[in-house]
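Student: my questions concern the predicted model and sequence given below.
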Amino acid sequence: MRPARPLLESPHFLSLLLLGAVAWSVTGIGWGEPLLHTGGGDSALDLLLALFPPDLSPSFLLVCLQAAWQTLSIALASITVAVLLGFPLGVMASGALVSPNSRLRAPLMISSRFVLGTLRSIHELVWAVLLVAAIGLSPLAAIVALGLPYAGILGRIYAEFLEDTPEDPLTALRSAGASSWQTLIFGRLPMSTPDLVSYTFYRFECSIRSAAILSFVGIRGIGYEIQLSLGELLFSQVWTLLLILLAIVALVDFWSGRVRQSLVES
Amino acid sequence: MIETREPTRYTERRRRKPPFARLSFYTFLGLIAVAWGYIFMAGDSGFTMLLEGRTWENAWQFLMRLAGADLDEGPAFLQAEQWWATGRLAYNTLAMSVLAIGIAGFGTFLTFIFAARNMSSGSLGGTPSRLGAVVYYLLRIFYAFTRAVPELVWAMLIVFFLSPGILPGAIALGIHNLGIMGRLAAEVVEDMDPAPARAMRASGAGIFQIFLYAILPQTLPHFITYLLYRWEVVIRTTVVVGFVSAGGLGLEMRLNLSFFHYDQVTLLILWYLLLVIGVDFLSAWMRKLARFD
């Protein structure tokens, strides 16, 4: 028999809280004004019907292919930046490199966590807007804008994975005289490799979507083409682009699933 | 004996290292190299700009304007009435994020059970039917599609027919997160312990009873935990849908950017940081309430 929880910790309280929060948010909608634009229903229908069929003309598919590669190359480049920046920060934030009773440990962990938190809490599109305003519109701005928040996300999760490795093998390494560097390289890293790799892959998948929306600040790619086609009301082109985005993301998802499987099996 | 056998077993293990994972790793490295090559070759990548003094001068000026150093009356983020004036937008943004999670949560709650393979195959209860299998695939495709399309694109499509405000933003965020949540929730059902459901089926319980008393109690805590994690992401993303006039702080940020009111932008970013930190705390507290025991 488990002891009864106080009222504030009962699951019913949580359910009420969540439902109450959603009810509150509904009141935030401006119910006074009409929800649809005039003629909004018709354009929604047009948009939906344009799927049958999407625009599959060869000349447009060529445009799509180029846009897809532009988006993919930004995603690939920014994930490199994110890993190169996030991994050292993550290692520092996990505290794996300093001995548990070192006086440097707390300041190092807290400051690196703070850096990671700040990088992460500003959305990539805001980074992009700020960077474009600061250094101008270029692939560099896009890569850095994606790389910074992704470094924050990757670093935090890397730190958690490195901390969560089982203690016993590490104790064995330490008692055999391994330094903290050696425990990291021969203990923590090999044990968390499947998690690290599959999470990085998952984030790569996300970075493709994020690279697509950087079109908003003028970076070429799938999102840019979607914006153009929407502006010209060519809805069947929009569908083609959306389906291509779906195909890329599904492909990466499938690939990462296979990699994860083969890493776990070994 | 043991000393001679141990190393050989070790080398055997190393040789058996999965060729697929290694191949994938090198493929990925290759892709990265090609991507960087393309970025440098395909025109002005912007890296040469970094060597020019002018770029750094501009960047410094921009930072100063973010800090409001060029203003006589002082930057907006040091004035209490400016905080008060934008507080309403922060309130709307918070409401938008909660509504989005509500939409994603209800949508997931209504569908996730039909998107679980072990449910549609009848291994938890009920009878396997062709309809169940069709619904399973349709839902999985629906989730994959809503997930693959970014929130911003959903918002661009939705503001086409819905009037601006927090509703289109919440719907855009809700649809995208429905795809993520639906898949996660369905996978939780697929990974759950089937024993209680099977015991209930053996004692003659109907499919609805099995759902209510065997599946929900096991999956709901996971489900709520994921929902709260997604809330942390959604509050960060409200800025994006706001950019395409879906209301809240994001819209205001875009307007201020186009008017070059950079000190206001700083104020809005500070509001965002506050919201993000607040939501992180709330979510951590509520996840503790939903813990499994």
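Tutor: Great, that's in hand.
Student: mind checking how far A:Leu140 is from chain B?
Tutor: 3 Å (Cβ to the nearest Cβ, to the nearest Å). To be clear about C-beta, it is placed using only N, CA and C from the backbone, and glycine gets the same treatment.
Student: dump the residue contacts of that residue.
Tutor: B:45-47, B:49-50 (Cβ atoms under 8 Å, 6 or more residues apart in numbering or on different chains).
Student: report the mean confidence score over the host helix or strand of it.
Tutor: Taking DSSP states H and E as the criterion, A:Leu140 maps to helix A:139-163. Averaging pLDDT along helix A:139-163 gives 91.
Student: swap in stretch B:281-293?
Tutor: Stretch B:281-293 carries an average pLDDT of 78.
Student: only the buried residues of that stretch, if you could.
Tutor: B:282-283, B:286-287, B:289-290 (16 or more other Cβ atoms under 10 Å in any protein chain shown).
Student: may I have stretch A:184-198 exported as CSV, CA atoms only?
Tutor: C-alpha atoms of stretch A:184-198 as CSV (Å, rounded to 0.1, in the frame of the first residue of the first chain):
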residue,chain,number,x,y,z
LEU,A,184,36.1,10.0,-20.3
ILE,A,185,37.7,8.6,-23.4
PHE,A,186,37.7,4.9,-22.4
GLY,A,187,34.7,4.8,-20.1
ARG,A,188,32.0,7.4,-20.5
LEU,A,189,32.3,8.0,-24.3
PRO,A,190,32.2,4.4,-25.5
MET,A,191,29.3,3.6,-23.2
SER,A,192,27.2,6.5,-24.3
THR,A,193,28.0,6.3,-28.0
PRO,A,194,24.7,4.8,-29.3
ASP,A,195,22.8,7.5,-27.4
LEU,A,196,25.0,10.3,-28.5
VAL,A,197,24.9,9.2,-32.2
SER,A,198,21.2,8.7,-32.4
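Student: list the buried ones in that stretch?
Tutor: A:184, A:187-189, A:191-192, A:194-198.
Student: pull the longest helix from chain B.
Tutor: helix B:80-111 (DSSP state H).
Student: my guess is B:Asp193 contacts B:Gln218. True?
Tutor: Yes - applying Cβ atoms under 8 Å as the test, B:Asp193 and B:Gln218 come out as touching, 6.7 Å apart.
Student: what are the ranges of the strands in the stretch 51-200 of chain B?
Tutor: In the stretch 51-200 of chain B, no strands are defined using DSSP state E, counting those that start in this stretch.
Student: quick check: residues of it near chain A?
Tutor: Proximity of the stretch 51-200 of chain B to chain A, by Cβ under 8 Å from any Cβ of the partner chain, involves residues B:55, B:58-59, B:62-63, B:66, B:91-92, B:95-96, B:98-99, B:101-102, B:105, B:144-145, B:147-153, B:156-157, B:160-163, B:165-167, B:170.
Student: 6 Å instead, please
Tutor: By Cβ under 6 Å from any Cβ of the partner chain, the residues of the stretch 51-200 of chain B that approach chain A are B:55, B:59, B:62, B:95, B:98-99, B:102, B:144-145, B:148-150, B:152-153, B:160-161, B:163, B:165-167.
Student: which ones among the residues you listed map onto helices?
Tutor: B:55, B:59, B:62, B:95, B:98-99, B:102, B:144-145, B:148, B:152-153, B:166-167.
Student: taking those, tell me the two that lie furthest apart.
Tutor: B:Thr55 and B:Gly102 (45.0 Å; Cβ to Cβ).
Student: more neighbours: which of these two?
Tutor: B:Gly102 (21 against 16; other Cβ atoms under 10 Å in any protein chain shown).
Student: that one and B:Val234: what is the separation?
Tutor: 11 Å (Cβ to Cβ, to the nearest Å).
Student: same question for A:Leu154.
Tutor: 20 Å.
Student: quick one on the thing from earlier: of the buried residues of stretch B:281-293, which are in range of chain A?
Tutor: B:289-290.
Student: and which of the buried residues of stretch B:281-293 is nearest to A:Ile226?
Tutor: B:Ser283 (31.5 Å).
Student: how about the closest one: what's its closest non-neighbour residue?
Tutor: Nearest residue to B:Ser283, sequence neighbours excluded (Cβ to Cβ, 6 or more residues apart in numbering or on different chains): B:Leu228, at 4.3 Å.
Student: which parts of chain A sit against chain B?
Tutor: Close to chain B, as judged by Cβ under 6 Å from any Cβ, chain A has residues A:9, A:14, A:21-22, A:25, A:28-30, A:36-37, A:40, A:43-44, A:73, A:76-77, A:80, A:121, A:123, A:125-126, A:133-135, A:138-140, A:209, A:212-213, A:226, A:242, A:245-246, A:249-250, A:259, A:262-263, A:266.
Student: picking that back up, now, of the residues of the stretch 51-200 of chain B next to chain A, which are buried?
Tutor: The buried subset of these - by 16+ other Cβ under 10 Å - is B:55, B:59, B:62, B:95, B:98-99, B:102, B:144-145, B:148-150, B:152-153, B:160-161, B:163, B:165-167.
Student: helices and strands of the chain: which one bottoms out on pLDDT?
Tutor: Since you didn't name a chain, this refers to chain A. helix A:40-49 (a mean of 75; mean pLDDT, DSSP states H and E).
Student: which residues sit against it?
Tutor: By Cβ atoms under 6 Å, 6 or more residues apart in numbering or on different chains, the residues outside helix A:40-49 that reach it are A:235, B:160-161.
Student: same question, stretch B:259-278
Tutor: A:121, B:65-66, B:68, B:75-77, B:90, B:235-236, B:249, B:253, B:256.
Student: next, the buried residues of it.
Tutor: Buried residues in stretch B:259-278 (16+ other Cβ under 10 Å): B:261-269, B:271-272, B:275-276.
Student: which stretches of the stretch 151-293 of chain B form helices?
Tutor: B:151-158, B:166-191, B:195-202, B:207-210, B:216-241, B:248-258, B:262-289 (DSSP state H, counting those that start in this stretch).
Student: quick check: which element contains the nearest residue to A:Arg220 once chain neighbours are set aside?
Tutor: Leaving aside its chain neighbours, A:Arg220 sits nearest to A:Gln70 (5.0 Å; criterion: Cβ to Cβ, 6+ apart). Using DSSP H and E, A:Gln70 falls within helix A:58-94.
Student: check which helices and strands that helix sits against.
Tutor: helix A:105-121, helix A:139-163, helix A:189-213, helix A:222-231, helix B:19-41 (3 or more Cβ pairs under 6 Å, 6 or more residues apart in numbering or on different chains; DSSP states H and E).
Student: avg pLDDT for that helix?
Tutor: Rounded mean pLDDT across helix A:58-94 is 91.
Student: next, the angle helix A:139-163 makes with that helix.
Tutor: 40 degrees (axes from the mean of the first three to the mean of the last three Cα atoms, to 10 degrees).
Student: buried residues, helix A:58-94. List them.
Tutor: A:60, A:63-64, A:67-83, A:85-87, A:89-94.
Student: likewise stretch A:106-121?
Tutor: Buried residues in stretch A:106-121, counted by 16+ other Cβ under 10 Å: A:109, A:112-113, A:115-117, A:119-121.
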